[in-house]
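Participant: Here is my input, please return the structure:
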Amino acid sequence: MTLLAPTPVVITPEDLLRMPDAVSYELVDGRLVERNMGMESGKIAGTILFLIRLFLRDSNFGGHLFPSEGGYQCFPDAPGKVRKPDVSYIRRGRLPDEQVPKGYCLIPPDLAIEVISPGDLSYEVEAKVAEYLSAGIALVWVVHPPTRTVRVHRPRTSPDGPVSDFANDEVITGEHVLPGFSSAVSAFFA
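Facilitator: Have a look, this model is predicted:
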């Protein structure tokens, strides 16, 4: 007797939206990828979200800021892919009629922030950063809690270079994406 392997179930973005625990997953190649956010990384993401929210309020700069539940289906080479940065920002004027989508956002954010959790693998994070940049995201921050550092990724053609590292009391800025925003990196870990 020959045993056949079961046919893998392919999940669609619409399937993921209907799942009761959808916030815990991203979608890659039709399969669910669990998001492993721990308490520490969740707190750091919340702090960064708060700092940017204060800047947006006080500067009247505007735009749309989203926590980790916000999903993006904006990858031209993989239309079924859904990624959920820990924090993301879309500048004012980029969403049609400034309306937040009911489901996933089909345009890339201007800023995507990933906070490393204990279960994150470096090659998976690097692959995600590459996906973000290929989709047209202008600025990606990867926050590393153990070293209290932030690695900033930009397109290769950026005049600031493709990668910069910031630590402790060094000041990170929103560059051209969030002009005027600045914070000591240490404030992310306060």
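Participant: part of a strand, is Asp58?
Facilitator: No. Applying DSSP: H, G, I helix; E, B strand; the rest coil, one finds Asp58 to be helix, outside a strand.
Participant: mind listing what it touches?
Facilitator: Under the criterion of Cβ atoms under 8 Å, 6 or more residues apart in numbering, Asp58 has no neighbours. C-beta here means a position set from N, CA and C on the backbone, and glycine is covered the same way.
Participant: how about the strands in the chain?
Facilitator: Counting by DSSP state E, the segments of the chain that form strands are 25-28, 31-34, 64-66, 87-90, 111-115, 139-144, 149-153, 163-167, 171-174, 178-184.
Participant: Reformat those as JSON lines; add mean pLDDT, mean neighbour count and distance to Leu56.
Facilitator: Shown next, in JSON lines, are the strands of the chain (pLDDT from 0 to 100; neighbours: other Cβ atoms under 10 Å; distance: least, Cβ to Cβ, whole Å):
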{"stretch": "strand 25-28", "mean pLDDT": "94", "mean neighbour count": "20", "distance to Leu56": "26"}
{"stretch": "strand 31-34", "mean pLDDT": "92", "mean neighbour count": "14", "distance to Leu56": "30"}
{"stretch": "strand 64-66", "mean pLDDT": "97", "mean neighbour count": "19", "distance to Leu56": "6"}
{"stretch": "strand 87-90", "mean pLDDT": "98", "mean neighbour count": "25", "distance to Leu56": "8"}
{"stretch": "strand 111-115", "mean pLDDT": "98", "mean neighbour count": "26", "distance to Leu56": "12"}
{"stretch": "strand 139-144", "mean pLDDT": "98", "mean neighbour count": "23", "distance to Leu56": "15"}
{"stretch": "strand 149-153", "mean pLDDT": "98", "mean neighbour count": "20", "distance to Leu56": "19"}
{"stretch": "strand 163-167", "mean pLDDT": "97", "mean neighbour count": "15", "distance to Leu56": "21"}
{"stretch": "strand 171-174", "mean pLDDT": "98", "mean neighbour count": "16", "distance to Leu56": "10"}
{"stretch": "strand 178-184", "mean pLDDT": "97", "mean neighbour count": "15", "distance to Leu56": "8"}
